[in-house]
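[1] Here's my sequence, what's the structure:
(chains A, B, C and D)
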Protein chains: 4
Amino acid sequence: MIIVFKRSATEKQIKHVTIKLKKLGLKPMISQGVERTIIGAIGEEDILRAQPLEVFPGVEKVMAIMAPYKLVSREFKHEKTVVSVGKVKIGSKHIAVIAGPCSIENYDMLLKIAKAVKKAGANILRGGAFKPRTSPYAFQGLGEEGLKYLQQAGKEEGLPVVTELMDIRDIDVVERYSDMIQIGARNMQNFNLLKEVGLSKKPIMLKRGMMSTVKEWLMSAEYILSNGNFNVVLCERGIRTFEDATRFTMDISAIAVAKKLSHLPVIADPSHATGKWGLVSPVAQAAIAGGSDGLMIEVHTKPEEALSDGEQSLLPAKFKAMMKSLRLVAKAVGRDI
Amino acid sequence: MIIVFKRSATEKQIKHVTIKLKKLGLKPMISQGVERTIIGAIGEEDILRAQPLEVFPGVEKVMAIMAPYKLVSREFKHEKTVVSVGKVKIGSKHIAVIAGPCSIENYDMLLKIAKAVKKAGANILRGGAFKPRTSPYAFQGLGEEGLKYLQQAGKEEGLPVVTELMDIRDIDVVERYSDMIQIGARNMQNFNLLKEVGLSKKPIMLKRGMMSTVKEWLMSAEYILSNGNFNVVLCERGIRTFEDATRFTMDISAIAVAKKLSHLPVIADPSHATGKWGLVSPVAQAAIAGGSDGLMIEVHTKPEEALSDGEQSLLPAKFKAMMKSLRLVAKAVGRDI
Amino acid sequence: MIIVFKRSATEKQIKHVTIKLKKLGLKPMISQGVERTIIGAIGEEDILRAQPLEVFPGVEKVMAIMAPYKLVSREFKHEKTVVSVGKVKIGSKHIAVIAGPCSIENYDMLLKIAKAVKKAGANILRGGAFKPRTSPYAFQGLGEEGLKYLQQAGKEEGLPVVTELMDIRDIDVVERYSDMIQIGARNMQNFNLLKEVGLSKKPIMLKRGMMSTVKEWLMSAEYILSNGNFNVVLCERGIRTFEDATRFTMDISAIAVAKKLSHLPVIADPSHATGKWGLVSPVAQAAIAGGSDGLMIEVHTKPEEALSDGEQSLLPAKFKAMMKSLRLVAKAVGRDI
Amino acid sequence: MIIVFKRSATEKQIKHVTIKLKKLGLKPMISQGVERTIIGAIGEEDILRAQPLEVFPGVEKVMAIMAPYKLVSREFKHEKTVVSVGKVKIGSKHIAVIAGPCSIENYDMLLKIAKAVKKAGANILRGGAFKPRTSPYAFQGLGEEGLKYLQQAGKEEGLPVVTELMDIRDIDVVERYSDMIQIGARNMQNFNLLKEVGLSKKPIMLKRGMMSTVKEWLMSAEYILSNGNFNVVLCERGIRTFEDATRFTMDISAIAVAKKLSHLPVIADPSHATGKWGLVSPVAQAAIAGGSDGLMIEVHTKPEEALSDGEQSLLPAKFKAMMKSLRLVAKAVGRDI
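    Numbering: from 1, shown residues only, chains lettered A, B, ... in the order given. Below you'll find the predicted structure:
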């Protein structure tokens, strides 16, 4: 931690900080410059992080040197983590393709989609039973009934399944029916939910909050790992910016950034990021070329009648065509689908 | 709802949409322009909102005409809502000033702060017992013990109290000890939590998400009202932007916007918005002059030792000085403190 | 400047940087921590700023300690600068109110508006003759003819005038007819234009870019001061964010931030920031309460027929009413209008 | 154009708007709904765009139906435009790779870099002679001397050259020495500069403003086309967001969006978007896979000594390695390098 003093800081003020640092068991290194004094505090940065040093008289600013996360960092574990979801190994050479409808609407529709995506090469089935909707008047999902359908459709097609957990009270039921638990973007900083899934035995897919930096995303993953669950997959799904041609802005660089800072696998969700089915295919290709370990794609047999997110869902035929292109791109970057 | 067709849209495609609209019980009004056709769909816009009309072949875009919220809107209820918290009436001529420490650390400190803010003119006491922290390694709050301290300090000083609810499982305990329940920025779209507090008898203070539009904020309030709880106070606390001189960017216009669209009272939190105690006073003055019905301010007797947010906490003496200025500004805009 | 090394940095890499620093005439202070090494480079930070130290092998990051601007800073000149525009002193106790139409459309209209705003208490007349328009098909301004009208209307009413300079080639003509030259938001980083107005004898009003941090804004002002022109007025006019209820987001805290960092006066433009006339009054009040030294307001006698920005223009009657409220707010914060 | 009236709008107010529309030669289509009235105005939308209809009493909002640009749109010209720069055809099957140093520092260095990038497969040489720098104290470029070096190095290696034009007064000199003129992000809305290059015979590369929407970017291109120059190449270079792990946020979807809306070729600049050389390669791959027609890459033989942007420059060896990967990705999406 670096403490920069104001030009006007007095001897006494500098000493006051020095004493505080020593009390905390840290070793202050003072550099007296022509214009100002700075102190480098050597030792456990975490101890300092909790201290509001900026309010000490004479202090201009405090700058952190080390990243606030530990267990998720490459420094803690250098080799890439591979997360197993059924037989699928996310983070391996093989690209994970998670596909399915936004919401589970009924069993027949779900099975039809499951068959179609399986045939086209998807290896994990997705479907929402509890839906976070901005309007209280919108369809909120089928709940446990939907989860049963999901599990059954997965078994039928031999695909592991993933679904979103929104409410701590549903953790048991979601764990029972799914192979991977998704934490949605709006819950990325629902810290108690993170703690609970940290205690789960199931792998967790943690979506990036639309308003969160990569650093905060990693801190949220840290909540899960620090409770004992190391099977976390990060999912970039677009951030909110001023641009309104797309629903969100896919932060393509974040994939490479997160993989550089962390050992966890990173996948991308072009359906939510763009919000428009016509953009899903180019952005999915970009994600794979940019280093993504997988994709999450919304597919619906009748987008016109979908109860949620129809605008961003691909028809099975378009999904199939996209998978064909993706195979070539994956090969170009030394991966396969 | 307006449906705009592509220039290349065929007769058949337009008819396809027309039939769909009629099936939904809506009345399509077709305008055949030189360059393109548009349809105005008259009737319940909500029916249409749930329909992914943008995926219909030939459709270029769909534009909503009406706001998606109802109960929170000025059209539904024209007169301003006044929310009672103990004897304080938020939304009345009198400005509500909620003050106290970010986290409750111990009873003595809390009481000392409560005394100081009461004396300076604050009328509601705040204090966090469950803290949303980005790091799992940071102080997470005293829990129920903290709530007891809060209730007791409030009683001692004759101040109603407000505290944050983060976890649905804590609703009973938070309800028991507090006079108003705060939903934090990171939980603004925790829809199940919103539903639960919609069933509570306690007034709710709903902070705006740091990356939520005013419209989404009102939709979240709609969740609470639609479950029966009309005592909602909105709190603007800064949004996330590219500017890093402040922790967040206080969206001062949002106060006037929200009050124009909704009958609910709106307050402002300059401590979190700026993240720097030196900016709290000018921004608090701006908020009152800009129409805010109240303020939420962090005060700490020893910011240097605060377990959270010390950087943005005012010393009691500075809080007192600020209150003096605020009284003059409030008077200038026809209010009082 | 602080140079933080990677955990994996070698002795040789650290030495390589140390030698470079010494070559540049700086004094490196090395702190060898348990986890990493950091170097504090004492001396002229500007020398270092130009050096891409981050590309040196072993370096993790480089952190600046000092602000990159000098002449605009409070450290360089502690007393507030007062900029004289005719008899108006911007930055004094007296609030500057600059009012007038967005575009100058004809002389009669302009004079009518000038009379109205003067009567209501405005002290500087504004009007655009060269208009930056996003569309090449929109009205681009009357050019020199408009400037003549502006000068004449100003004389008639005894008001100094301000107008925007967009093109370096127009500097002579703009200088000839105006008392203060405005640099618009879209030109805040048109560095050659900044250099030219730095050579002018006229005071400059520098609008903040919609995409610029306060620091960059001050750096742009530094361009002007470093060429010899110290009469610069900063104008906050809203930044671009994800919120679309307003045209831009008025960054109210930026007023206090800029005044803390710089000695230059700061005014606010609520008309452009909000883009809606109904929001101009509350936001203008907020700006004054938040420390603004002045306001820039669009007024039009017939907003329905304005050739630009009619949506955000106040009718003279509304302007008059607003001035009445502003007088009270100004008084509350120890200023007058 | 759709005009939506307030619920409270009177007959008279609606008539007032209707009359205005008819006066403008437009045909109003009135739809009287249960809750509100809307008018669809059929005819030239441009006429209406200039009218501040939102200020008419009773009007709630006005919604545009058509895009404000014409000449750049796919509706105006359906086939993709191919822009020739020397022998390079940007927008063809062949990917354009523009490479070179950020600033031209001296002839030897430039030639060395030109040789290296040519050998690795680049087909256009870049180099800055006039540099837009946020600080007046930073290196501002060699000016005409630099341009001479650039032209000569290009001739020597058989590469067409591109350089940035910042100041209208430099247009002749820049035209003389370059094969393509670059308009930088900070000048994307320098409308007079756009008009001037619209009169040039040289192809123009128009960088997207860091806080401009795709629509505004296309409007700026429209300025150039409407003055007669149809040889415009769009360049996505990252937008400003809250994320600070990268210098800007590469908006990968914008490539596909711009190509859908416009016939102009679109290239990407991963060096400026990321600001970190370690991220250039994955983001360049993503851009090609996402449909980009080309790349602009900063290369420097000694990034440690570069006078600008050393942090984001690739060493020739790394550039060569990247080109190898890019060839595979290009092939996967049916292109070649």
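[2] Now do the contacts for the single nearest residue of the stretch 1-150 of chain A relative to chain B.
    In the stretch 1-150 of chain A, the residue found nearest to chain B is residue A:52; the distance is 2.6 Å by Cβ to the nearest Cβ. C-betas here are computed from N, CA, C, even on glycine. Neighbouring residues of residue A:52 by Cβ atoms under 8 Å, 6 or more residues apart in numbering or on different chains: B:303-304, B:306, B:309-311, B:313.
[3] how about the residues you listed in a markdown table, adding distance to chain C and neighbour count?
    As requested, the contacts of residue A:52 are arranged in a markdown table below (distance: Cβ to the nearest Cβ, whole Å; neighbours: other Cβ atoms under 10 Å in any protein chain shown):
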| residue | distance to chain C | neighbour count |
| --- | --- | --- |
| B:303 | 18 | 23 |
| B:304 | 21 | 17 |
| B:306 | 21 | 24 |
| B:309 | 17 | 21 |
| B:310 | 19 | 24 |
| B:311 | 14 | 20 |
| B:313 | 17 | 27 |
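[4] From these, pick the one nearest chain D.
    For these, the residue nearest chain D by Cβ to the nearest Cβ is residue B:311; the value is 18.6 Å.
[5] Is the closest one part of a helix or strand, or is it coil?
    When classified by DSSP: H, G, I helix; E, B strand; the rest coil, residue B:311 comes out as helix.
[6] Let me know the pLDDT of it.
    Per-residue confidence for residue B:311 comes out at a pLDDT of 84.
[7] contacting residues for it?
    Residue B:311 sits next to A:52, A:54-55, B:275-277, B:303 when contact means Cβ under 8 Å, 6+ apart.
[8] one more time with 10 Å
    For residue B:311, the contacting residues are A:52-55, A:62, B:247, B:271, B:274-278, B:298, B:303, by Cβ atoms under 10 Å, 6 or more residues apart in numbering or on different chains.
[9] ok, now residue A:275?
    Shown in contact with residue A:275 (Cβ under 10 Å, 6+ apart): A:238, A:245-248, A:309, A:311-312, B:54, D:253.
[10] Excluding residues flanking it in the chain, which one is nearest it?
    Nearest residue to residue A:275 in three dimensions, chain neighbours excluded: residue A:247, at 2.5 Å (Cβ to Cβ, 6 or more residues apart in numbering or on different chains).
[11] Let me see the backbone angles for residue A:139.
    The phi and psi values for residue A:139, taken as degrees, to the nearest 10, are phi -60, psi 130.
[12] ah, wrong one, I meant residue A:90
    Taking degrees, to the nearest 10, you get phi -80, psi 120 for the backbone angles of residue A:90.
[13] same thing with the one 10 residues further on?
    According to degrees, to the nearest 10, the main-chain angles of residue A:100 amount to phi 150, psi -180.
[14] picking that back up, gap between the residue nearest to residue A:275 and chain B?
    Residue A:247 sits 11 Å away from chain B, going by Cβ to the nearest Cβ, to the nearest Å.
[15] Is it correct that that residue falls within a strand?
    No - counting by three-state DSSP, residue A:247 falls outside a strand, being coil.
[16] Which parts of chain A are strands?
    Ranges of strands within chain A are A:2-5, A:27-32, A:37-42, A:59-63, A:83-85, A:88-90, A:96-100, A:124-126, A:161-164, A:180-183, A:204-207, A:232-236, A:266-268, A:294-298, based on DSSP state E.
[17] which one of the ones you listed lies closest to residue A:285?
    For residue A:285, the closest of the strands of chain A is strand A:294-298, at 9.8 Å, according to Cβ to Cβ.
[18] what mean pLDDT does the closest one have?
    Averaging pLDDT along strand A:294-298 yields 97.
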